[in-house]
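Peer 1: coordinates only, sequence not included:
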């Protein structure tokens, strides 16, 4: 009886650690979503105060996304060496401080620098959120845990959209003050309550028991090269669309004649759709055949982008925003659940970070390309539909990755 009780208590403690990790990572993802959406919501106010045209706004949006790239790449690799928890706490403090710096900026140079360094912190946080949630849950629950954690990003963005609907009582800087102070309050809670990954601790304890492998070996040796390249393609084009929507949609809607409050409601609908899609597509990941899931995500994304470009009524635009969020961010969450399955523990955060970093190149390209297209006279429909070829490439890559996962049940190598 005592042996059974001891085993039962150990299982209960392990389960508690898992859900504590997922809950705290969800809280950080919520903050990340607020800050990622913040520039899009605050964009019209920024442009008016600083006299910025569409090309300059593209650079402001792009600066934050550019910072995500080195943050994701080096934050993930550093976490494989010193621990996911330490890097995550530092990343949260970094993006909190520079979100406040965004609110305090008094010229365009200050805005660019603050957004760049905010992006470094946000970029370093995400691969560690994915690795911590994935490793805490174990192989059987990894997709569910990552989906639950990542659901915080669209919900945080919806909170930012709510601030936009409320009309920024303190001006456009309000969203950055809220998105900066809150992470600085959360960081000490992470230090006290967040468990370090048990897989990372076990790997560190084994030390010299197995030869260390480099990130390059982990990404491109022993059958990992093709999955790595396909993950990069899927991340690049999916995030291009996601960040084009996050950053430019409010301004595009206002250019089409919608009021600022209406644009805020469409962004709110987009992020609620994203939260629903994150949970729903995460659940379907283990139930639908690969072709069906890839087709559902990317055909739905193409249809919703066409609707966003062609809708002229507020009601149809709300529906199009909801569906776009469902498939764009929901599809992104499927990618985040997929990536950890292809890498060993000692390079998992680095492998995920490399895919996130390549995705950030796509994320940076989206706002810049849209800004240039609009400056040259391209309409909203043209901007939305121009992303179609990339979406098709991403769909093919995701189909292959899902099919490979189903065929071989790729081990986690934990």
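Peer 2: Right, received. Where do you want to start? Computed from a predicted model, the values in this text were never measured in an experiment.

Peer 1: surely residue 175 touches residue 161?
Peer 2: No. When contacts are counted by Cβ atoms under 8 Å, residue 175 is not listed as touching residue 161 (9.6 Å). To be clear about C-beta, it is placed using only N, CA and C from the backbone, and glycine gets the same treatment.

Peer 1: tell me, what's touching those two both at once?
Peer 2: Common contacts of residue 175 and residue 161 (Cβ atoms under 8 Å, 6 or more residues apart in numbering): residue 41.

Peer 1: quick one: the strands in the stretch 151-300 of the chain, in order.
Peer 2: With DSSP state E, counting those that start in this stretch as the criterion, the stretch 151-300 of the chain has no strands.

Peer 1: where in it is pLDDT low?
Peer 2: Counting by pLDDT under 70, the stretch 151-300 of the chain shows low-confidence ranges at 167-170, 207-212.

Peer 1: quick one, helices of it?
Peer 2: With helices called from DSSP state H, counting those that start in this stretch, the stretch 151-300 of the chain shows them at 152-166, 174-193, 198-206, 215-220, 225-255, 260-284, 290-310.

Peer 1: turn these into TSV, columns for distance to residue 79 and mean neighbour count.
Peer 2: Output for the helices of the stretch 151-300 of the chain, formatted as TSV (distance: least, Cβ to Cβ, whole Å; neighbours: other Cβ atoms under 10 Å):
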stretch	distance to residue 79	mean neighbour count
helix 152-166	19	24
helix 174-193	14	18
helix 198-206	8	16
helix 215-220	12	17
helix 225-255	18	23
helix 260-284	23	22
helix 290-310	28	19
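
Peer 1: residue 16: which of those is closest?
Peer 2: Closest to residue 16 of these is helix 174-193 (Cβ to Cβ; 11.2 Å).

Peer 1: so which elements touch the longest helix seen in the chain?
Peer 2: As assigned by DSSP state H, the longest helix anywhere in the chain is helix 2-50. Packing partners of helix 2-50 (3 or more Cβ pairs under 8 Å, 6 or more residues apart in numbering; DSSP states H and E): helix 54-82, helix 84-104, helix 108-137, helix 142-150, helix 152-166, helix 174-193, helix 225-255, helix 260-284.

Peer 1: and the contacts of the fourth one?
Peer 2: Residues external to helix 142-150 that are found in contact with it (Cβ under 8 Å, 6+ apart): 18, 22, 25-26, 29, 129-130, 133-134, 136-137, 278-279, 281-283, 285-286, 332-333, 336-337, 340-341, 412.

Peer 1: could I have the buried ones of the residues you listed as ChimeraX selection syntax?
Peer 2: A single ChimeraX command suffices to select whichever of those are buried according to 16 or more other Cβ atoms under 10 Å:
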select :18,22,25,26,29,129,130,133,134,136,137,278,279,281,282,285,332,333,336,337,340,341,412
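
Peer 1: off-centre distance for stretch 49-65?
Peer 2: Centroid separation between stretch 49-65 and its chain, computed with Cα atoms, centre = their mean, to the nearest Å, is 21 Å.

Peer 1: what comes up buried for that stretch?
Peer 2: Across stretch 49-65, burial judged by 16+ other Cβ under 10 Å covers 50, 52, 54, 56-65.

Peer 1: okay if I get these as JSON lines plus pLDDT?
Peer 2: Converted to JSON lines, those look like this (pLDDT from 0 to 100):
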{"residue": "50", "pLDDT": "89"}
{"residue": "52", "pLDDT": "85"}
{"residue": "54", "pLDDT": "76"}
{"residue": "56", "pLDDT": "85"}
{"residue": "57", "pLDDT": "84"}
{"residue": "58", "pLDDT": "77"}
{"residue": "59", "pLDDT": "85"}
{"residue": "60", "pLDDT": "86"}
{"residue": "61", "pLDDT": "80"}
{"residue": "62", "pLDDT": "77"}
{"residue": "63", "pLDDT": "87"}
{"residue": "64", "pLDDT": "84"}
{"residue": "65", "pLDDT": "78"}
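
Peer 1: JSON lines for the residues you listed, including distance to residue 362?
Peer 2: Listed next are the buried residues of stretch 49-65 as JSON lines, based on distance: Cβ to Cβ, whole Å:
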{"residue": "50", "distance to residue 362": "27"}
{"residue": "52", "distance to residue 362": "23"}
{"residue": "54", "distance to residue 362": "20"}
{"residue": "56", "distance to residue 362": "21"}
{"residue": "57", "distance to residue 362": "19"}
{"residue": "58", "distance to residue 362": "15"}
{"residue": "59", "distance to residue 362": "17"}
{"residue": "60", "distance to residue 362": "18"}
{"residue": "61", "distance to residue 362": "14"}
{"residue": "62", "distance to residue 362": "12"}
{"residue": "63", "distance to residue 362": "16"}
{"residue": "64", "distance to residue 362": "14"}
{"residue": "65", "distance to residue 362": "9"}
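
Peer 1: which of the residues you listed sits closest to residue 372?
Peer 2: Of all the buried residues of stretch 49-65, residue 372 sits closest to residue 58, with 6.8 Å by Cβ to Cβ.

Peer 1: which non-adjacent residue is nearest the closest one?
Peer 2: Leaving aside its sequence neighbours, residue 58 sits nearest to residue 371 (Cβ to Cβ, 6 or more residues apart in numbering; 2.6 Å).

Peer 1: any idea which helix or strand carries the one you found?
Peer 2: helix 345-375 (DSSP states H and E).

Peer 1: for that helix, packing partners?
Peer 2: In terms of contacts (3+ Cβ pairs under 8 Å, 6+ apart), helix 345-375 is packed against helix 54-82, helix 108-137, helix 198-206, helix 215-220, helix 225-255, helix 314-338, helix 380-385.

Peer 1: so which of these is nearest residue 355?
Peer 2: Set against residue 355 and scored by Cβ to Cβ, the helices and strands packed on helix 345-375 come closest in helix 225-255, at 4.6 Å.

Peer 1: what angle sits between the closest one and helix 54-82?
Peer 2: Helix 225-255 runs at 150 degrees relative to helix 54-82, counting by axes from the mean of the first three to the mean of the last three Cα atoms, to 10 degrees.

Peer 1: shift numbering so it begins at 59
Peer 2: Let's use 59 as the start, then, which means that last one is helix 283-313.
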